[in-house]
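Novice: requesting a structural model of the entry that follows:
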Amino acid sequence: LYKTESTVLSMMNRLSGFDGLCVDERKHIYYNLLQYWLGIFDKFKPEVVIFPNMPHFVYDFIIYELAHFLDVKTIFFDETRIPGKLLLYEDLEKGSEDLLRELTQNKDKSFSFEDLSPDIQKYCRPRMTETYKATPEYILELKKKYSFPLIRFTKLLVHDPKVKACLKDLTFIYKTPRYIYKNWLKNVRVILTKLGKKIWWSLRYNLKNEYLKVQVSPDLSNPFVYVALHTQPERSTSPQGEMFVDQILMLEILSAALSENWVIYVKEHPMQWLSNGMGFSSTRYRGYYERMAKIRNTYLIPVENNSYDLIRQSKLIATITGAAAWESALQLRPAIIFGRVWYENCPGILRVQDVDSCRQAIEKISRGWRIEKSEILNYLKCFDNASFPGFISWAVGQTCGVSRKESMCNITKMILQKLESFKQPYKS
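Specialist: Alright, predicted model coming up:
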């Protein structure tokens, strides 16, 4: 489990209490968690472990890795970039078996746009045009969450089922204050601490200051690779990025693989400073952006640059598992990814892991390799068949058009079907 240990040590960056711990302290915590959960497996001997989404909170990732080490089956769900569409997984590295099966069975078929379900048509139609520039809906919801906490609190309170019931039976006068205190204000110290940190770092030299110090205006007439950074800490880089949770490593590999006349334009994720604050941390330490800017032919550009313009004008898109590569494929433009993600088998997506594979991918694209629209439509149809309506996160649930009840019923149905399939070998 050495690979697990390496991943967990980086994954601990997402837990605020772990940020100042040295490597040895993190290791001992990992060993203690490993011992504990190994004891749980040994005592209860589960046949299947079910997770709501991809394990990425240290404790659940250790459970997931131990399950595979002990040959215990796992089930979890992955929210895709198409809002309200889930894929069922058993193994992060293997991906969705349902999607892979559909891709194999429909390899030589030809589908039209009208063969897609209405929700996928609605999602893809504008994104496959040359004029689309809209901000993703989940980003808008997250901006609301972190920009206007008081408004969000009021909305959550008004729509809370228990508060509604109290208003209806006129018991809200004595019940609601107690409920608000018990469920909302008990964490007031945590809220005030976070607010205090944001104010403190806004008054000091911070991440944003460092980024603005090294950023340059891009010259889009040069051949360039557009790299969209990930917000961190998040599961999109840990565990999905594996060793490329270190985004500087990704940039160093890209730089080594590119010829001298190419440049790399790097843009920070729009949510990084808003959701995680502008203070330095384990994921964005002091000198992080400065180190990126020192990599050969690598330039950080203003976050105000529109991603769709950069996608259309670049020679190549590169990311770990981000939305930029998916949006690029829908625009019939090739992209490079470094991690594991649900769309990695989509036409036009090339997964690389080192300088040699990266150089080969760049050479292939430089020779004029293009994606056909028919290939994308076939992939979308296979995805349509393999996915199902549902959501895990509140941000997606707010905008996807799938009700909570429908989502829960669909997820339960998929779990029961998968559990039944696990029994099949034994029936014969």
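
Novice: residues contacting L34?
Specialist: L1, I62, L66 (Cβ atoms under 8 Å, 6 or more residues apart in numbering). The way it works is simple: take the backbone N, C-alpha and C, and place the C-beta from them, glycine included.

Novice: do you know how far it is from I62?
Specialist: 6 Å (Cβ to Cβ, to the nearest Å).

Novice: ok, L254 next?
Specialist: Remark: distance between L254 and I62 (Cβ to Cβ) = 32 Å.

Novice: okay, the two: which has more neighbours?
Specialist: A count of neighbours by other Cβ atoms under 10 Å puts L254 above the other of L254 and I62, at 27 against 23.

Novice: for the chain, what's the longest strand?
Specialist: The longest strand of the chain (DSSP state E) is strand 73-79.

Novice: in the helix or strand hosting Q360, what's buried?
Specialist: Following DSSP states H and E, one finds Q360 within helix 355-366. Neighbour counts over helix 355-366 (16 or more other Cβ atoms under 10 Å) mark S357, C358, R359, A361, I362, I365 as buried.

Novice: now flag whichever of these is closest to A293.
Specialist: C358 (20.4 Å; Cβ to Cβ).

Novice: output the buried residues of helix 355-366 as CSV; include the columns distance to S221 and pLDDT.
Specialist: CSV is the format used below for these (distance: Cβ to Cβ, whole Å; pLDDT from 0 to 100):
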residue, distance to S221, pLDDT
S357, 29, 97
C358, 24, 97
R359, 24, 97
A361, 24, 96
I362, 19, 95
I365, 19, 92
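
Novice: okay if I get those as a markdown table plus distance to E304?
Specialist: Output for these, formatted as a markdown table (distance: Cβ to Cβ, whole Å):
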| residue | distance to E304 |
| --- | --- |
| S357 | 33 |
| C358 | 28 |
| R359 | 32 |
| A361 | 29 |
| I362 | 28 |
| I365 | 27 |
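
Novice: give me the distance between E5 and P55.
Specialist: From E5 to P55 the distance is 15 Å (Cβ to Cβ).

Novice: look at those two and report which has more neighbours.
Specialist: Per other Cβ under 10 Å, whichever of E5 and P55 has more neighbours is P55, with 22 against 15.

Novice: T231: which of the buried residues of helix 355-366 is nearest?
Specialist: Using Cβ to Cβ, C358 comes nearest to T231 of these, at 23.2 Å.

Novice: neighbours around G196, how many?
Specialist: 10.

Novice: and for the strand or helix carrying E375, what are the contacting residues?
Specialist: Using DSSP H and E, E375 maps to helix 373-386. With Cβ under 8 Å, 6+ apart as the test, helix 373-386 has contacts from 80, 82, 85, 87, 96, 98-99, 101-103, 106, 109-113, 115-117, 120, 124, 128, 329-330, 332, 345-348.

Novice: restricted to buried residues, select those residues in PyMOL.
Specialist: Buried members of those, defined by 16+ other Cβ under 10 Å, are picked up in PyMOL with:
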select buried, resi 80+82+85+87+96+98+99+102+103+111+116+120+124+128+329+330+345+346+347+348
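
Novice: select from the contacts of helix 373-386 every entry located in strands.
Specialist: Checking the contacts of helix 373-386 against DSSP E, those in strands are K85, L87.

Novice: helices - which of the contacts of helix 373-386 land there?
Specialist: D98, L99, R101, E102, L103, I120, C124, A329, L330 (DSSP state H).

Novice: among those, which two are most distant?
Specialist: By the measure Cβ to Cβ, R101 and L330 form the most distant pair in these, at 22.8 Å.

Novice: pLDDT below threshold where in this structure?
Specialist: 136-164, 167, 170-176, 178-195, 425-428 (pLDDT under 70).

Novice: name the single longest helix found in it.
Specialist: Max-length helix for the chain by DSSP H is helix 404-427.

Novice: buried sites along that one?
Specialist: Buried residues in helix 404-427 (16+ other Cβ under 10 Å): S407, N410, I411, M414, K418.

Novice: tabulate those residues in CSV, adding columns for distance to R14.
Specialist: Below are these laid out as CSV (distance: Cβ to Cβ, whole Å):
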residue, distance to R14
S407, 25
N410, 28
I411, 24
M414, 27
K418, 28
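
Novice: which of those residues lies closest to M11?
Specialist: I411 (24.7 Å).

Novice: mind listing the strands for the protein?
Specialist: Residue ranges of the strands in the chain, as given by DSSP E, are 48-50, 73-79, 85-89, 224-228, 263-267, 298-300, 316-319, 335-337, 349-351, 388-389.

Novice: and F280, which of those strands is closest to it?
Specialist: strand 298-300 (16.4 Å).

Novice: how much space between E25 and Y31?
Specialist: Remark: distance between E25 and Y31 (Cβ to Cβ) = 11 Å.

Novice: that should have said V72, apologies.
Specialist: Taking Cβ to Cβ as the criterion, V72 is separated from Y31 by 21 Å.

Novice: more neighbours: which of the two?
Specialist: Shown here are V72 and Y31; by other Cβ under 10 Å, V72 has more neighbours (16 against 11).

Novice: give the contact list for that one.
Specialist: Counting by Cβ under 8 Å, 6+ apart, V72 has contacts F41, P46, E47, V48, V49, L66.

Novice: change it to 6 Å
Specialist: Taking Cβ atoms under 6 Å, 6 or more residues apart in numbering, we find V72 in contact with P46.

Novice: run a quick neighbour tally on the residue lying closest to D309 once chain neighbours are set aside.
Specialist: Leaving aside its sequence neighbours, D309 sits nearest to K133 (Cβ to Cβ, 6 or more residues apart in numbering; 7.4 Å). For K133, the count of nearby residues is 10 (other Cβ under 10 Å).

Novice: just the angle between the longest helix of the chain and helix 97-105, please?
Specialist: Angle of helix 404-427 versus helix 97-105, following axes from the mean of the first three to the mean of the last three Cα atoms, to 10 degrees, is 70 degrees.

Novice: and the contacts of helix 404-427?
Specialist: K73, I75, L88, F388, P389, G390, F391.

Novice: got a markdown table for the residues you listed, with distance to E290 and neighbour count too?
Specialist: Listed next are the contacts of helix 404-427 as a markdown table, based on distance: Cβ to Cβ, whole Å; neighbours: other Cβ atoms under 10 Å:
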| residue | distance to E290 | neighbour count |
| --- | --- | --- |
| K73 | 46 | 16 |
| I75 | 43 | 17 |
| L88 | 43 | 21 |
| F388 | 45 | 19 |
| P389 | 45 | 18 |
| G390 | 43 | 26 |
| F391 | 39 | 26 |
